[in-house]
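*Asks:* When you get a sec, could you give me coordinates for this:
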Amino acid sequence: MIADYARGDVELPADTVWALESHLETCAPCRGRLAAAVPTEAPGIAALVDSVRAGLEPQLAAAVRAPARRRRPRWVTAWLTPVMAPWLAMTAAVTLVALLLDGAAPSATLGSPSPVLLVAPVLPLCGVAAAWSRGLDPAHELTASTARAGLPLLLRRTAAVLGVVLPGLLVEGWLTGAMTAAQWLLPSLAFTSAALALGTVVGVTRAAAGLAAVWGVAVVAPAWFTQRVPVVLETSLLPLWGLVLALGAGAVIARRNVYSAL
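*Replies:* Alright, predicted model coming up:
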């Protein structure tokens, strides 16, 4: 298989090529076999690489060596994008502002519904929008071209977002006492799965932004004017949110192969 890959055999199935490239990332012996196979299976490529190396070596030797940078742990790059830290900080800031407004005088400023309760269902979407964004991730093209790109990477980054957002919401719900976890946790997960499912059609960033905008117009704004807890956040509708979560998860699983081409 390595010999066929080095030769550029067009008859190799695409899934086999991706599996082989993913394996080569973590297997040094197989990378050695590939290096040994290129001169015999693809002498033209070997000659090209040698000529490029011969032209670059004098320039590299004369170049000023850049100062060493502290390397991040591998798990950081596997779970986060380079730009997710400021987005997660922004998400935490939004929850803090909602908490401060809730503690200041919610009935006089934003009506009787808790501001934290109103923003909690769509709060994870802020980080999900940045989890797989072409415009927000400077390394998007490089990441998207790797063998491990696709749904697994997107799920890891989404889990990193939820791991930051959900504990903060739990603490704020406990501090304010204005909402229970049941009121916002299931809607949050439902919105997250819906954003990932719709992302196969319009892109994850557009899906997350669109769902957040719809929630703001259809639920948050009317709640401010009516000064009532939205009907969709009543505990009696939790089975409906569970259905949305199940449908979103099912759509993500059914269309899992699409994420590698987003």
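*Asks:* following the longest helix seen in the chain, which helix or strand shows up next?
*Replies:* Longest among the helix segments of the chain by residue count, using DSSP state H, is helix 151-176. Read in the C-terminal direction, the helix or strand following helix 151-176 is helix 181-202, with elements assigned using DSSP states H and E.
*Asks:* for the longest helix of the chain, which positions count as buried?
*Replies:* Within helix 151-176, the residues that qualify as buried are 151, 153-154, 157-158, 160-161, 164-166, 168-169, 172-173, 176, counting by 16 or more other C-beta atoms under 10 Å. C-beta here means a position set from N, CA and C on the backbone, and glycine is covered the same way.
*Asks:* Which of the residues you listed scores worst on pLDDT?
*Replies:* Least confident entry in the buried residues of helix 151-176, by pLDDT: Thr176, with 62.
*Asks:* Domain ranges for the chain, per the record?
*Replies:* For the chain, whose domains are defined here by automatic domain parsing, the residue ranges read 2-62, 80-261.
*Asks:* Glu25 and Leu142, how far apart?
*Replies:* According to C-beta to C-beta, to the nearest Å, Glu25 stands 14 Å off from Leu142.
*Asks:* Surely Asp202 touches Ala208?
*Replies:* That one is not Asp; residue 202 is Val. No: contact status for Val202 versus Ala208: not in contact, 10.1 Å apart, counting by C-beta atoms under 8 Å.
*Asks:* For those two, indicate the residue with more neighbours.
*Replies:* Summary of the neighbour comparison: Val202 and Ala208, criterion other C-beta atoms under 10 Å, with Ala208 having more neighbours (28 against 11).
*Asks:* In the helix or strand encompassing the more buried one, which residues are buried?
*Replies:* Assigned by DSSP H and E, Ala208 belongs to helix 204-215. Neighbour-count burial for helix 204-215 flags Val204, Thr205, Ala207, Ala208, Ala209, Gly210, Leu211, Ala212, Trp215 (criterion: 16+ other C-beta under 10 Å).
*Asks:* distance of Arg228 from Val219?
*Replies:* Computed with C-beta to C-beta, the distance linking Arg228 and Val219 is 11 Å.
*Asks:* and those two? which has more neighbours close in?
*Replies:* The neighbour count for Arg228 versus Val219, taken as other C-beta under 10 Å, is higher for Val219 (18 against 12).
*Asks:* Quick check: phi and psi on that one?
*Replies:* In this entry, Val219 is assigned phi and psi values of phi -120, psi -50 (degrees, to the nearest 10).
*Asks:* gap between the spatially closest residue to it that is not a sequence neighbour and Pro222?
*Replies:* Closest residue in space to Val219, ignoring its immediate chain neighbours: Pro230 at 4.8 Å, by C-beta to C-beta, 6 or more residues apart in numbering. Note on Pro230: its distance to Pro222, by C-beta to C-beta, is 7 Å.
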